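Participant: quick one, fold the following:
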Amino acid sequence: MYIPRTKIAPWAAQLIAECTPDLEERIQRGALYRNLYLTGDENGNPATYPKTFEYIESLASIYFSPVELNYLIKFHGGGNPTQRTMGRSAAAELHAYMADASVYRAELQCVKWSLVKGKCLLKLNWEDGGFAPYVVQPEFFGVLRPDINDLHRQPAFVHTTYYTPGEFQSAFRHLPDLGKIMKEISKRGMRGRPDERPDRANALKQIVLGGLNPFQQAGNSPAMASSRGIVNWLGGPQATWDPKILATLVRLDELWVKDSRTDDWATFQMVGDVMVTGGEVIRNNFADMFDPDNQMRRLPDAFRKFNPLSGMHPFVAFSGATELEGYFWGRSEACNIGVLQMQINARLNGIMRLLRRQENPPKLYTGGTAINQQKYSAGDKPGGWFVDPSPNAKQQNLYPELPEAIWESLHEEERMFDEMGGRPPVLKGRGESGVRSQGHAETLSSNASPRFKNNALDFERSVAEVGFLALALLRAMDNRTIVAWLKPDTQNIVAQMPPDDPTLEAPAAGMKQFPFKFWHLPENVKVTVQSHSSSPIFLAEYRALIFDLVKIGAMTPAEAVEAINPPDGEDLVQSIEEREVQKAAFLQQHPEALKVLEGGKKKH
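Facilitator: Okay, here's the model as predicted:
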């Protein structure tokens, strides 16, 4: 996209508006999906049987689980033995850093909310020397071309966040003209009063988000039951904010544009029509973390270091299980079962009313004097009584007639719900009539799982993209030393740096210490999810495959342990490598033993 070099602020403000033409519609739709997910009712009233919650939670656990997740760092052409060893060590460090920074938890939330709303995004920042993941709900995001599904192909997109004045000044404290910007914001009424666009105000009031995006004014919480003024603790709670804080919030629009001149992303941060950053120097704020003072740009080309963040932005999109071609925002899984949930609610409420009448049926009084409320109340209490002088007075309970198959229609609607969700009993861990053996159950599970496997692979691509983004941040920002251990017979070792600790004990005798840093990894590095370990639906199948490969000698025990990633996997690999080194040393001293091993039984 062509970026003008003059009058950038009006141009950027107009482009932000063009990225969010459907925001109000998406806000209302997202609120309905959220209510249906959390309460089982589109209006947020707690349902007796909120089956949609269980449905979304089960899908999310099928599509993504960080328990067995294992990343694999690869190189173009496979790499040499030293690079592969570096990749294994770097992948282990990457996994540890992401787990410590709660990146996996953020990914799980993105998977879950993309199922609820059709799309969710993860923003991975580098703050205070480590990863800082943020879950970005779709209502706080906008794209210029909603007919393009791939975020990286978008010519422009915008992310909206809200700051208190203190947070805003802290976040932009490095700006030399911060005081002038704050005066302009206050002068133009962009703080302390609602936004001019009603959809922006709705975004602040209707969307339940955490982290950087607060909303909900105290005293007006939808979690308050309007009839009695008590907290509706069965509904979906929302963050409640003091009205004074809401009145001072500053809305920041972060616009990302693909610059046709540099083929890189350009970042513009705006508060209304006030340009905060991006007006004087057009740059990629994400890539500039690697070189904030532009030192590399001042050096000759021959001395410039490769920027791992060049051409990247910090966002990764998670699309729901039902991605619509030609529509960026996707389709909620609630669309498949929403009407059935409403039917289950209606049917169950009807059954409950019928059973309640059975417990306390209407009463018919005949042959006596007029009944009044006092007499009715006395006769309705345990041990209660009243006297009627008429000898023909009679009371009769009018019990409703209960259908013989009162629950069958509800069970049928449940079956329809599960069928629309594509989850037969065998995939829910339940038995099923006609299943007579484990092999039969495994066959049924295999036939029912392709739909979930296809969707799990879509989420796996997003998980791998987060891993690659995290590795790029580590290569650019992390200067810690990683130690890889090479086998004694490894040849052509070109050390990137001297040993960090020459006295460090090797995992096995003769193994060579190979220290390196993340930025030593080659430029053609890529990150994948090993053995589809991000989804439990592949777990049993791939473990069986790995064991079969070990049996036929196509995979070593150490490679199998790394692929399965069991608890204490590093200790197991170290133990295997130590035994292999000891075995190699023994065979070198006793070559006759090798002939015995190769020829089978020893001949006398």
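
Participant: what's the helix or strand for R251?
Facilitator: Here R251 sits within strand 250-259, counting by DSSP states H and E.

Participant: pLDDT (mean, whole number) over that strand?
Facilitator: Averaging pLDDT along strand 250-259 yields 94.

Participant: residues near A132, how many?
Facilitator: Per other Cβ atoms under 10 Å, the neighbour tally for A132 reads 16. Every C-beta, even on glycine, is put in place using the N, C-alpha and C of the backbone.

Participant: strands of this protein, residue ranges please.
Facilitator: 71-74, 119-127, 130-136, 141-143, 156-163, 250-259, 264-271, 274-277, 315-319, 363-366, 394-397, 481-486, 512-517, 526-529 (DSSP state E).

Participant: and the spatially most central residue of the chain, how far from L246?
Facilitator: Of all residues in the chain, the one closest to the mean position by Cα atoms, centre = their mean is C110, 2.2 Å from it. C110 is 27 Å from L246, where distance means Cβ to Cβ, to the nearest Å.

Participant: please apply the same query to K183.
Facilitator: 22 Å.

Participant: which of those two has more neighbours?
Facilitator: Shown here are K183 and L246; by other Cβ under 10 Å, L246 has more neighbours (19 against 12).

Participant: pLDDT at the more buried one, what is it?
Facilitator: Reported pLDDT for L246: 78.

Participant: likewise E523?
Facilitator: At E523, the pLDDT recorded in the model is 83.

Participant: coming back round to it: make a markdown table from the strands of the chain and add distance to G422 to it.
Facilitator: As requested, the strands of the chain are exported to a markdown table (distance: least, Cβ to Cβ, whole Å):
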| stretch | distance to G422 |
| --- | --- |
| strand 71-74 | 29 |
| strand 119-127 | 21 |
| strand 130-136 | 26 |
| strand 141-143 | 29 |
| strand 156-163 | 32 |
| strand 250-259 | 36 |
| strand 264-271 | 38 |
| strand 274-277 | 47 |
| strand 315-319 | 17 |
| strand 363-366 | 49 |
| strand 394-397 | 47 |
| strand 481-486 | 43 |
| strand 512-517 | 46 |
| strand 526-529 | 23 |
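
Participant: so which of those strands is nearest K187?
Facilitator: strand 274-277 (9.2 Å; Cβ to Cβ).

Participant: for the closest one, give the mean pLDDT please.
Facilitator: 92.

Participant: stretch 283-291 too?
Facilitator: Mean predicted confidence for stretch 283-291 is 88.

Participant: give me the distance between the two termini of it.
Facilitator: End-to-end span of stretch 283-291 (Cα to Cα, to the nearest Å): 11 Å.

Participant: figure out how far that stretch is from the centre of its chain.
Facilitator: Relative to the chain's own centre, stretch 283-291 is displaced by 25 Å; criterion: Cα atoms, centre = their mean, to the nearest Å.

Participant: ditto for stretch 554-565
Facilitator: The answer for stretch 554-565 is 28 Å, by Cα atoms, centre = their mean.

Participant: and it, which residues are buried?
Facilitator: M555, A558, E559, A560, V561, E562, A563, I564, N565 (16 or more other Cβ atoms under 10 Å).

Participant: measure the fifth one to S535 for me?
Facilitator: Plainly put, V561 is 20 Å away from S535 if you go by Cβ to Cβ.

Participant: can you check the last one too?
Facilitator: In this structure, N565 lies at 14 Å from S535, with Cβ to Cβ as the measure.

Participant: from Y327, how far out is the residue nearest to T160 when sequence neighbours are not counted?
Facilitator: Nearest residue to T160 in three dimensions, chain neighbours excluded: F140, at 4.8 Å (Cβ to Cβ, 6 or more residues apart in numbering). Taking Cβ to Cβ as the measure, F140 falls 19 Å from Y327.

Participant: between these two, who's got more neighbours?
Facilitator: F140 (22 against 14).

Participant: quick one: contacts for G142?
Facilitator: I16, C19, T20, L23, F157, V158, T160 (Cβ atoms under 8 Å, 6 or more residues apart in numbering).

Participant: state the pLDDT value of the nearest residue to G87 once chain neighbours are set aside.
Facilitator: In space, and not counting its chain neighbours, G87 is closest to I73: 3.8 Å by Cβ to Cβ, 6+ apart. For I73, the model assigns a pLDDT of 92.

Participant: contacting residues for I73?
Facilitator: G87, R88, A90, A91, L94, L471, L521, V525, K526, V527.

Participant: and E18, what's its pLDDT?
Facilitator: pLDDT at E18 comes out at 96.

Participant: what is the burial count for the nearest residue to it once chain neighbours are set aside?
Facilitator: Distances taken as Cβ to Cβ, 6+ apart put L144 closest to E18, at 6.1 Å, once the chain neighbours are dropped. If you count neighbours by other Cβ under 10 Å, L144 ends up with 21.

Participant: per-residue pLDDT of L144, please?
Facilitator: 97.

Participant: run a quick neighbour tally on G118.
Facilitator: Residues lying near G118 (other Cβ under 10 Å) number 27.

Participant: OK, contacts around it?
Facilitator: The contact partners of G118, taken as Cβ under 8 Å, 6+ apart, are P138, S319, G320, T322, W329, G330, R331, S332.

Participant: for the residues you listed, pick the one with the most neighbours.
Facilitator: Going by other Cβ under 10 Å, G320 tops the contacts of G118 with 28 neighbours.

Participant: enumerate every residue touching that residue.
Facilitator: G320 touches S114, L115, V116, K117, G118, K119, G330, R331, S332, E333, counting by Cβ under 8 Å, 6+ apart.

Participant: the residue nearest to E18 touches L151, doesn't it?
Facilitator: No. Between L144 and L151 there is no contact, the gap being 11.2 Å when judged by Cβ atoms under 8 Å.

Participant: low-confidence ranges, the stretch 351-500 of the chain, go.
Facilitator: Low-confidence segments of the stretch 351-500 of the chain (pLDDT under 70): 423-449, 491-497, 500.

Participant: which residues in it form helices?
Facilitator: Ranges of helices in the stretch 351-500 of the chain, per DSSP state H, counting those that start in this stretch, are 373-380, 408-421, 438-448, 450-477.

Participant: how many neighbours does H76 have?
Facilitator: When neighbours are counted by other Cβ under 10 Å, H76 comes out with 10.

Participant: and for S377, the neighbour number?
Facilitator: Neighbour number of S377 under other Cβ under 10 Å is 11.

Participant: buried sites along stretch 378-394?
Facilitator: D388.

Participant: that'll do, ta.
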